[in-house]
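[1] Pasting a predicted model and its sequence here:
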Amino acid sequence: MPDSDNTREPKRFNARRAIAIVLGLGVSATFLVLLLRRVDLAQVWRELSRVHVGRLLLSISSMTFGFCAQWLRSRALFAPISDLRSFRLLKSVMLGFSGNNVLPLRAGELLRIHYLAHHGKLPHSSCFALVAVERLMDLLLLVALFLSLLPLVAVDLPPTGAIIGIASVVALGLLTIIGIARWPSGFVRLVARITGWLGERISSFARRKAELFVSGTSSLRSLRALLAAFVATLGYWVMTIVTVRITLWAFGLELPWTAPMVVLVFSGFAVTLPSSPGYVGTYHYFVALALRLMGVPAARATSFAFVLHAAGIVPFTLLGVALLAPDALRGDLVPADKAAPAPTPVEERDAP
């Protein structure tokens, strides 16, 4: 009964996906209830009406430079392995961001990988490797930010042991990918050796996938590309801190210089939780919690969370939709052709 088995698999996948979506919506709703149940909504509205619009627009402008930093990072990583134009790379960044905000299960990054693979004529696994490096760099800097705050602030930060554990896993993952990039043929031989006992067919398949993966990490063999990507990542987080600081200024909040970094640490923890698209609920709850721990009244902290989220999500999601609309109208955004090009032969001599 092969046909019956084949039809059963998609149903199981769809059921798991539906459960994940419902779970995310439930988590978002729960945190929204926890946030709003003891807050005077009329006072929240009054706080919103007092926001300095000019300063808020300045904060949105500063976040634009953050997206430029992400674009520069993508250019540093993808330029050595493809001829993707700079504008395509920028649109891929906006696709990942916008997709995460409007689609369930944070599908934006998967769309971005497919977009890069199609327009850059690259294997999907190669694009996945470099996008994974970008995310690992973000996590590593966020964890470093958390650890730097420990001796400086008096608020209760998320559990230190858990964060250090995450940092260790992130650092190990990043070093592993860089190691694969530096010694590609060794990695391919290791995969072939591990899968050799499974038979020639499976071993050949695994070797091909390994070759596709390492072909996308060749830019990581360049110290210059790695340094440029790291500097761009640092620039992104600096501009994010500046954005939070200006938004605090728009609310007339006079808090210690570490306040924007505390907000970022809490919001970074929030986006790791399952939630609806755009991190609704979880983001608002933890940003408001960060401010309340620093002595900000609940209504003001809640209004700040809503404004910071809306200012960072709405304009740039709309910008992403506008930039990508021509691709969508041409049917070129998520093309049906998913065939990957042949991998670049792995060099026999590993990088020194």
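    That came through fine. Small disclaimer: the values here were computed from a predicted structure and weren't measured. Numbering: from 1, shown residues only.
[2] Would you enumerate the residues in contact with residue 270?
    Going by C-beta atoms under 8 Å, 6 or more residues apart in numbering, residue 270 touches 279, 282-283, 285-287. (Each C-beta comes from the backbone N, C-alpha and C, glycine too.)
[3] Out of those, which comes closest to residue 156?
    Using C-beta to C-beta, residue 286 is the member of the contacts of residue 270 that sits closest to residue 156, with 12.3 Å.
[4] Please identify the helix or strand for the closest one.
    In this structure, residue 286 sits in helix 282-293 according to DSSP states H and E.
[5] follow-up on the earlier one: include distance to residue 327, neighbour count and pLDDT when you put the contacts of residue 270 into JSON lines, please.
    Output for the contacts of residue 270, formatted as JSON lines (distance: C-beta to C-beta, whole Å; neighbours: other C-beta atoms under 10 Å; pLDDT from 0 to 100):
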{"residue": "279", "distance to residue 327": "25", "neighbour count": "24", "pLDDT": "93"}
{"residue": "282", "distance to residue 327": "30", "neighbour count": "25", "pLDDT": "94"}
{"residue": "283", "distance to residue 327": "28", "neighbour count": "25", "pLDDT": "96"}
{"residue": "285", "distance to residue 327": "35", "neighbour count": "22", "pLDDT": "96"}
{"residue": "286", "distance to residue 327": "34", "neighbour count": "23", "pLDDT": "95"}
{"residue": "287", "distance to residue 327": "33", "neighbour count": "26", "pLDDT": "97"}
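[6] from what I can see residue 141 touches residue 231, true?
    No: if you go by C-beta atoms under 8 Å, residue 141 and residue 231 don't touch, sitting 11.2 Å apart.
[7] out of those two, which sits in the busier spot?
    In this view residue 141 and residue 231 are compared by other C-beta atoms under 10 Å, and residue 141 has more residues nearby, 18 against 14.
[8] With adjacent residues omitted, what lies nearest to the more buried one?
    Using C-beta to C-beta, 6 or more residues apart in numbering and skipping the chain neighbours, the partner closest in space to residue 141 is residue 237 (5.3 Å).
[9] between the contacts of residue 270, which is nearest residue 193?
    Within the contacts of residue 270, the smallest distance to residue 193 is 42.0 Å, found for residue 279 (C-beta to C-beta).
[10] got the contact list for that closest one?
    With contacts defined as C-beta under 8 Å, 6+ apart, residue 279 is in contact with 28, 270-271, 309.
[11] Buried subset of the residues you listed, written for PyMOL?
    A single PyMOL command selects the buried members of the contacts of residue 279 (16 or more other C-beta atoms under 10 Å):
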select buried, resi 28+270+309
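[12] just curious, which of the contacts of residue 279 is nearest to residue 172?
    Comparing the contacts of residue 279 against residue 172 with C-beta to C-beta picks out residue 271 as the nearest, at 21.2 Å.
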